[in-house]
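J.: Compute the structure for the input listed below.
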Amino acid sequence: MTGAVPVFLKPTRNHYGIIGPIPQSEFEPEAIQAKIKANPLLKGVNLKKAVPRMLTITQSTYDGVLYNTETIKQMLDGYIPNLHFDEAWLPHAAFHPFYGAYHAMGKKRVRPMHSMVYSTQSIHKLLAGISQASHVLVQDSQKNKLDRHLFNEAYLMHTSTSPQYSIIASCDVAAAMMEPPGGTALVEESIAEALDFRRAMRKVDEEYGKDWWFKVWGPDALVDDGVGRSNDWIIKGTGKTSKWHGFGKLADGFNMLDPIKATIVTPGLDLNGKFDNAGIPASIVTKFLAEHGVIVEKTGLYSFFIMFTIGITKGRWNSLLTALQQFKDDYDRNQPMWRILPEFCQKYKKYERMGLRDLCHHIHTLYAKYDIARLTTDMYLSDLTPAMKPSDAYAQIARRNTERVSVDALEGRITTSLLTPYPPGIPLLVPGEVFNKKIVDYLKFAREFNLQCPGFETDIHGMVEEVGDDGVKRYFADCVKT
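T.: Numbers count the residues shown, from 1 in each chain. Just a heads-up that it's a prediction; the model follows:
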């Protein structure tokens, strides 16, 4: 909207489909300058004058990986004037010492000398706010102060003149709830319940012996009781405890996993991207859970994500554990789909006479045939070429200077919209970027998969579905007209 030219730092990703942290080396000013120099939209720009205006970073990632914000501030203080930490899923961290320096700002922490620090938090996600409740925290640096008038002018441009006062009130209530010692106790309770759940999952695994069971992604070692130490969750750079995440070599102590965010891994795929002979795609598990009253936050290929928010109880996560055990029993007995997912089969009758294990094998075989784990990893980590500023590309929609292009003809075309596959729900292209071969190959897979597995479609925001006169569904994307 502002006409800014985005320069992206590249994150890691493992073959489970879990988006990992941006390596610490990417935050070096020299590395950022190299990206600016390589950006075709900034060709010929004086690097000494092309100073980034703002760093925006997702803190935490969708699967709970946090950054040591003090390290980032020390690296970039004075180089980038505004440091914005998108803490949509981390508003609880400031209320418990467990999180240390792994959140944007806190008491008894030295402010940057020059750089302003911003944190945007979704109160409705982790605290007790109602839907859409959120706020912006701003921390002055030692030498620079917030211009409140200009900030308010910018804010009012994007908010309603008829605000929902109940949302504002819920922000106040949520803040009051977190006053110590009550707020500290609430966060500790969430951490304790999350660790109890992890221990319970491991206990069930031990009881099954060599038989299959679900894994909870995280450090190998767990304390036997209580919440333990935050150091147990800090990602190590080297040694035996540094390989569980699958992101490759990371800087020692730069990242931490938030224990209240639990990614449950289903059988069928290992951290190296190798498919087993049999597997259980996560989309089938989450549909099963939904019909048993358990709704998950996010679903990947062979993993799904849950959060232990404030107010979680042992009874609630026990319901999840029981449902997972029921799924295993139904899978092992290959129970008919009409019996275990009646609502789903009512809508998609082709699955009625299939067994649960048969359906899992069918989708798992498709994933393995297309090597989808490696395809999606390569796609997200591929080099993307910007051809226009996002604001200019998006403006083509208002000017009606767009063309609807079929998937087969997309390579080399410039998108006018965000392209966001679900899972994992992370934008793949922003307006102005060019479709490359890896992205087009993925879209072709999604088209084939959606045709063969209705009800388990890969939903891709930015793709346009049109049904032809022959009844066949075709896929297009809106691009800048050539």
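J.: mind listing the helices for the stretch 101-250 of the chain?
T.: Under the criterion DSSP state H, counting those that start in this stretch, helices of the stretch 101-250 of the chain are mapped to 123-126, 148-156, 165-177, 182-208.
J.: Let me know which of these is the nearest to Lys49.
T.: helix 148-156 (22.4 Å; C-beta to C-beta). For every residue, glycine as well, the C-beta is placed using N, CA and C.
J.: what mean pLDDT does that closest one have?
T.: For helix 148-156, mean pLDDT is 93.
J.: Now do that helix: everything it contacts.
T.: Around helix 148-156, the neighbours that count as contacts under C-beta atoms under 8 Å, 6 or more residues apart in numbering are 136, 138.
J.: and if you look at stretch 116-125?
T.: 73, 81-91, 103-105, 111, 129-141, 144, 146, 170-171, 174, 307, 309.
J.: and Gly3, helix, strand or coil?
T.: Assigned with DSSP: H, G, I helix; E, B strand; the rest coil, Gly3 falls in the coil class.
J.: I'd say it and Lys389 touch.
T.: Yes - with contact defined as C-beta atoms under 8 Å, Gly3 and Lys389 form a contacting pair (6.1 Å).
J.: The two: which has the busier surroundings?
T.: The neighbour count for Gly3 versus Lys389, taken as other C-beta atoms under 10 Å, is higher for Lys389 (17 against 9).
J.: In contact with the more buried one: list those residues for me.
T.: 3-5, 41, 432.
J.: 7 Å instead?
T.: Applying C-beta atoms under 7 Å, 6 or more residues apart in numbering, we find Lys389 in contact with 3, 5, 41, 432.
J.: Then Leu76?
T.: 27, 55, 83, 115.
J.: Arg400: which of those residues is nearest?
T.: The closest of the contacts of Leu76 to Arg400 turns out to be Leu55 (C-beta to C-beta; 35.1 Å).
J.: isn't the closest one right up against Ile80?
T.: Yes - between Leu55 and Ile80 there is a contact under C-beta atoms under 7 Å: 4.9 Å.
J.: quick one: low-confidence parts of the protein?
T.: Within the chain, the stretches with pLDDT under 70 are 423-424.
J.: mind listing the strands for the stretch 1-150 of the chain?
T.: Applying DSSP state E, counting those that start in this stretch to the stretch 1-150 of the chain gives strands spanning 54-58, 65-67, 82-86, 116-122, 134-139.
J.: Could you point out which of those strands sits nearest Val265?
T.: Comparing the strands of the stretch 1-150 of the chain against Val265 with C-beta to C-beta, the closest turns out to be strand 65-67 (15.3 Å).
J.: Any chance you could list what contacts the closest one?
T.: 20-21, 57, 59-60, 102, 254-258.
J.: and the residues you listed as CSV, adding distance to Glu291?
T.: CSV is the format used below for those (distance: C-beta to C-beta, whole Å):
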residue, distance to Glu291
Gly20, 32
Pro21, 35
Ile57, 37
Gln59, 34
Ser60, 30
Tyr102, 37
Phe254, 41
Asn255, 36
Met256, 35
Leu257, 30
Asp258, 29
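J.: Filter these down to just the ones in helices.
T.: With helices defined by DSSP state H, no entry of the contacts of strand 65-67 lies inside them.
J.: what's the farthest-apart pair in the residues you listed?
T.: Longest distance between any two of these is 16.5 Å, between Ile57 and Leu257; criterion C-beta to C-beta.
J.: so Phe456 touches Ala282, yeah?
T.: No - under the criterion of C-beta under 7 Å, Phe456 is not in contact with Ala282, lying 10.5 Å apart.
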